[in-house]
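Student: coordinates only, no sequence provided:
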């Protein structure tokens, strides 16, 4: 995956192929590695960007997304639940989907309304895309062995699109 140009050098190192490969996949004990926790631990939203932040809410969305990328659901949740915007609801919905609370996920996605990321995913997905069907696909994939690679690929594409959307608005 290409690294968004708006990211600081430190943050760019955290958005990498290993993180995308592990994104959304359960780990033993449901926790991220100690190494990544120590790197992310004191990270502030302003630390993610090369340029000054002009929209603090969007910067917080990126921070929430970065925690999600590394499967740190609790930390992401504590950030996204305090962001009163469509993007905050979007990250919140993804977090609940990842934790397996699919009904709550649909609730938060319903609060998003029409979103440019929904439109982009709809255009990229054969047969179209909508959040309800994707939440259902993720629920079905949780119990499949091996996991459905198409579901993972779509989840990564969704993360990238939402992160880039929020990041570009954070410094616009």
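Tutor: Great, that's in hand. Keep in mind the model is a prediction, meaning the values are calculated, not measured.

Student: so residue 132: helix, strand or coil?
Tutor: What DSSP: H, G, I helix; E, B strand; the rest coil gives for residue 132 is helix.

Student: packing partners for the helix-or-strand element of the chain with minimal mean pLDDT?
Tutor: Across the helices and strands of the chain, mean pLDDT, DSSP states H and E gives its lowest value to helix 34-40, namely a mean of 73. Using 3 or more Cβ pairs under 8 Å, 6 or more residues apart in numbering; DSSP states H and E, the elements in contact with helix 34-40 are helix 9-14. Every C-beta, even on glycine, is put in place using the N, C-alpha and C of the backbone.

Student: please repeat the previous calculation with a cut-off of 6 Å.
Tutor: The helices and strands touching helix 34-40, judged by 3 or more Cβ pairs under 6 Å, 6 or more residues apart in numbering; DSSP states H and E, number zero.

Student: show me which residues of it are buried.
Tutor: Neighbour counts over helix 34-40 (16 or more other Cβ atoms under 10 Å) mark 36, 40 as buried.

Student: nearest residue to residue 11 other than its sequence neighbours?
Tutor: Nearest residue to residue 11 in three dimensions, chain neighbours excluded: residue 48, at 4.3 Å (Cβ to Cβ, 6 or more residues apart in numbering).

Student: state the distance from that neighbour to residue 124.
Tutor: 25 Å (Cβ to Cβ, to the nearest Å).
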